[in-house]
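J.: Starting from these lines, generate the structure:
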Amino acid sequence: MNNRNTVHHGPNGAHLCIVQEFLGPSFALDIERNCGSSYLPESTSSRLVGQLILAVTYLHKRGIAHGDLHAGNLLLCLPSSLDPDLDLTTVISNDWMLPSEPSPHKPRYLIVPISRRLRTPLFQACMATPSIKLCDFSESYMTDMADPPPLASPGFLLPPEGIFGELPHATLASDIWAVAVAIYQVLTSGCLLFYETDGTVLERMVCTLGKFPEPLWSEWADRAESFDEEGNPITDTCPKSSLRRKAKGWTSDEHKLSALAAMFETMLRYDAERRSPAGDLLQSEWMTKYCRPYMCDDVILPTERVKLINNVTYRTY
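T.: Residues are numbered from 1 along each chain as shown. Predicted coordinates for the structure are as follows:
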């Protein structure tokens with residue numbers, strides 16, 4: 001294919017297909033399976049969090065809300081030189097095609113993801129000096145879209161206004177909430193508010209972040225099953241927690257905990273208009289003090305001033 005963009009004409013109409021660079025496995029699918037411990041090294045997780053914040057800031061500056069931000073949509077970049085033992089040409093073959101029932105609405109065949117074929121060796125090669133790319137823009141929203149795709153993210157990624165059905169499509173503010181959840185996934189290999197139903201997600205929000213403001217509190221018909229009218233839990237299934245307590249398993253450093261909790265607090269506000277813009281996250285203590293030192297030297301943050309003195313680059317904020 002010579003053109004990286006092509007239009008596919010099928011039974012469901014014309015579809016613009018964008019061919020992107022060849023990338024490695026999904027961060028979410030492989031991290032828990034292939035890492036030796038439940039947490040990544042601090043240098044790795046901080047680097048990846050910084051890259052995620054940069055990617056979202058880039059989109060938001062252009063008026064684009066991603067709409068489906070989670071660790072599964074973070075793809076690891078392939079290293080510039082792979083170990084010869086990881087020759088990718090040996091696994092890109094018809095042997096890895098999956099059968100598919102014939103249908104004009106489906107591809108003729110499916111391909112097993114490459115991450116399933118080279119599992120640990122490929123993941124370790126990608127994680128030597130890891131970089132991530134954000135993918136899957138099927139639910140993205142731009143301010144001038146006449147017919148934006150409806151919000152279809154699972155409840156654990158959504159802010160309360162999304163779960164209550166008051167969010168017809170992705171917004172910059174809903175992205176910020178989802179970024180906080182994704183950051184927690186990267187740091188802890190867990191999920192900030194992951195439970196099976198929307199009701200239990202709402203319960204965890206209240207237990208961690210406090211009572212919903214009106215009218216959301218009154219709109220929640222099942223609230224009385226778990227809370228009194230002051231927002232205090234009345235059952236043992238949802239103990240009180242805090243953002244700081246949830247992050248404590250990742251580090252015992254009180255300064256880092258404070259910086260991380262402070263950033264989360266600005267991102268997970270019930271009032272969407274008060275959530276921190278992505279650009280402000282770049283200036284947070286967490287980003288400048290605990291992520292920036294682990295990021296690539298050729299990355300220059302918008303908040304930095306760069307001087308070149310005797311061929312040495314100096315950065316100040």
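J.: for the chain, which helix is longest?
T.: When the chain is scanned for its longest helix (criterion: DSSP state H), the result is helix 42-61.
J.: how about that helix: buried residues?
T.: Taking 16 or more other C-beta atoms under 10 Å as the basis for neighbour counts, the residues of helix 42-61 that come out buried are 44-57, 59-60. Every residue, glycine included, has its C-beta placed from N, CA and C.
J.: need the next SSE after it, C-terminal direction.
T.: Using DSSP states H and E, the helix or strand that follows helix 42-61 towards the C-terminus is strand 64-65.
J.: can you list contacts of that next one?
T.: Strand 64-65 has contacts (C-beta atoms under 8 Å, 6 or more residues apart in numbering) with Leu59, Ser140, Tyr141, Met142, His169, Ala170, Thr171, Leu172, Ser174, Asp175.
J.: From these, which land in strands?
T.: Filtering the contacts of strand 64-65 for membership in strands, criterion DSSP state E, returns Tyr141, Met142.
J.: Save the contacts of strand 64-65 as CSV, and put in distance to Arg223 and pLDDT too.
T.: Conversion of the contacts of strand 64-65 to CSV gives the following (distance: C-beta to C-beta, whole Å; pLDDT from 0 to 100):
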residue, distance to Arg223, pLDDT
Leu59, 35, 95
Ser140, 33, 90
Tyr141, 30, 90
Met142, 35, 88
His169, 26, 90
Ala170, 26, 91
Thr171, 25, 93
Leu172, 28, 95
Ser174, 22, 95
Asp175, 27, 96
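J.: For Leu134, state which of the contacts of strand 64-65 is nearest.
T.: Leu59 (7.8 Å; C-beta to C-beta).
J.: how much space between the closest one and Pro148?
T.: To Pro148, Leu59 is 15 Å away according to C-beta to C-beta, to the nearest Å.
J.: which among the contacts of strand 64-65 gets closest to Pro159?
T.: Within those, proximity to Pro159 (C-beta to C-beta) peaks at Ser174, which comes in at 5.5 Å.
J.: As TSV, the contacts of strand 64-65 with distance to Ser153 would be great.
T.: Formatted as TSV, the contacts of strand 64-65 follow (distance: C-beta to C-beta, whole Å):
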residue	distance to Ser153
Leu59	16
Ser140	12
Tyr141	12
Met142	17
His169	11
Ala170	8
Thr171	12
Leu172	14
Ser174	8
Asp175	10
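J.: In the stretch 101-250 of the chain, what residue spans correspond to helices?
T.: 114-117, 119-127, 160-163, 172-188, 198-209, 216-219, 243-247 (DSSP state H, counting those that start in this stretch).
J.: Gly249 versus the residue nearest the centre of the chain, what's the distance?
T.: Residue closest to the mean C-alpha point of the chain, counted by C-alpha atoms, centre = their mean, is His70 at 3.1 Å. Counting by C-beta to C-beta, the separation of His70 from Gly249 is 20 Å.
J.: Ser46 too?
T.: Computed with C-beta to C-beta, the distance linking Ser46 and Gly249 is 16 Å.
J.: swap in Ser153?
T.: The separation that Ser153 has from Gly249, given C-beta to C-beta, amounts to 25 Å.
J.: More neighbours: which of these two?
T.: For Ser153 versus Gly249, neighbours defined as other C-beta atoms under 10 Å are more numerous around Ser153 (18 against 12).
J.: Leaving out chain neighbours, which residue sits closest to the more buried one?
T.: Distance criterion C-beta to C-beta, 6 or more residues apart in numbering; nearest residue to Ser153, sequence neighbours excluded, is Asp68 at 5.4 Å.
J.: One more: Ile132?
T.: Here the nearest residue to Ile132 in space, its sequence neighbours aside, is Leu74; by C-beta to C-beta, 6+ apart that works out to 4.6 Å.
J.: Lys240 now?
T.: That would be Cys207: by C-beta to C-beta, 6+ apart, it lies 5.7 Å from Lys240.
J.: that older thread, ok, of the contacts of strand 64-65, which one's closest to Met127?
T.: Proximity of the contacts of strand 64-65 to Met127 (C-beta to C-beta) peaks at Leu59, which lies at 24.5 Å.
J.: Understood, closing this out.
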